[in-house]
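[1] Compute the structure for the input listed below.
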Amino acid sequence: MGNGRRGYTLIELLAGIFLSAILLAELYSVFTSQQVVFSAQEQVAEMTQSTRAALDLMTREIRLAGYKTSTGAFNGIPTATLHTIQVLADLDLNGNTLGPNEDITYSYNSNTLQICRNGLGLPIADNITDLSFLYTLKDGSTTSNPSNPADIRKVNISITARTTYRDRGTGVYRRIVLTSDVTPRNLAS
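    Numbering: from 1, shown residues only. The predicted structure follows:
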């Protein structure tokens, strides 16, 4: 070592490793917290998109309730309860509602947390904690279980959804409630 160079001492080397470890730990902490936030936001976006798609489909099909030729004779909403609605529409104008998309029933399955269209085999949304219908009748009153479905003039749909997984930070599911007021255009006025 005649030219004045000297190496690092063991203490300097250990101090450098220690500072590097602290820096890496901080970077890892920032990375993992960003992953948690990203995951939560991705779940919320998925939940919102799925719920909005189901609400949009239901709104469009309920709006068609009672669509028929002038000679048709059926009630556009024959079944109406808090968690179930049946919609009839003669879309092909052949005088009956036997077509594949002319007799539609939406129901809520609390065991599977799904909104089903035409039975348990066709879910249109998952992770649903509530689906409820509120009906406005021709006299202006509202009810969740009308005694005469022919009196329905407006349907309020309310869907409560949750994320697929619990939030890592709080341990609870994130939730959203979406509603829509639907006035079927073809019901008796």
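
[2] CA only for contacts and neighbour counts going forward, please
    Fine.

[3] Show me the strands in this structure, by range?
    Along the chain, counting by DSSP state E, strands occupy 79-80, 84-88, 103-109, 114-117, 123-125, 128-137, 142-143, 152-162, 175-182.

[4] Determine how far the third one lies from the middle of the whole chain.
    Going by C-alpha atoms, centre = their mean, to the nearest Å, the spacing between the C-alpha centre of strand 103-109 and its chain's C-alpha centre is 15 Å.

[5] quick check: angle from it to strand 84-88?
    Our comparison of strand 103-109 with strand 84-88, counting by axes from the mean of the first three to the mean of the last three C-alpha atoms, to 10 degrees, yields an angle of 170 degrees.

[6] Packing partners of strand 103-109?
    Contacts defined by 3 or more C-alpha pairs under 8 Å, 6 or more residues apart in numbering; DSSP states H and E place strand 103-109 against strand 84-88, strand 114-117, strand 128-137.

[7] Pull the residues that contact the longest one.
    Strand 128-137 is contacted from outside by 81-85, 107-108, 110, 113-115, 142-146, 151-162, using C-alpha atoms under 8 Å, 6 or more residues apart in numbering.

[8] The residue nearest the centre of the chain: what's it in contact with?
    Nearest residue to the geometric centre of the chain (C-alpha atoms, centre = their mean): residue 51, 2.0 Å. Counting by C-alpha under 8 Å, 6+ apart, residue 51 touches 125, 159, 161, 178.

[9] and if you look at residue 43?
    163, 164, 165.

[10] Ranking by neighbours, what's the top pick from those?
    Using other C-alpha atoms under 10 Å as the neighbour criterion, residue 163 leads those with 22 neighbours.

[11] From residue 49, how far out is that residue?
    Separation of residue 163 from residue 49 (C-alpha to C-alpha, to the nearest Å): 11 Å.

[12] Ok, residue 186 next?
    Between residue 186 and residue 49 the distance, using C-alpha to C-alpha, works out to 29 Å.

[13] And the two? Which one has more around it.
    For residue 186 and residue 49, the more surrounded residue by other C-alpha under 10 Å is residue 186, and the numbers stand at 16 against 13.

[14] doesn't residue 64 make contact with the more buried one?
    Yes - under the criterion of C-alpha atoms under 8 Å, residue 186 makes contact with residue 64 at 6.8 Å.

[15] quick one on the thing from earlier: turn the contacts of residue 43 into TSV, including pLDDT and distance to residue 5.
    Below are these laid out as TSV (pLDDT from 0 to 100; distance: C-alpha to C-alpha, whole Å):
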residue	pLDDT	distance to residue 5
163	92	62
164	91	62
165	89	59
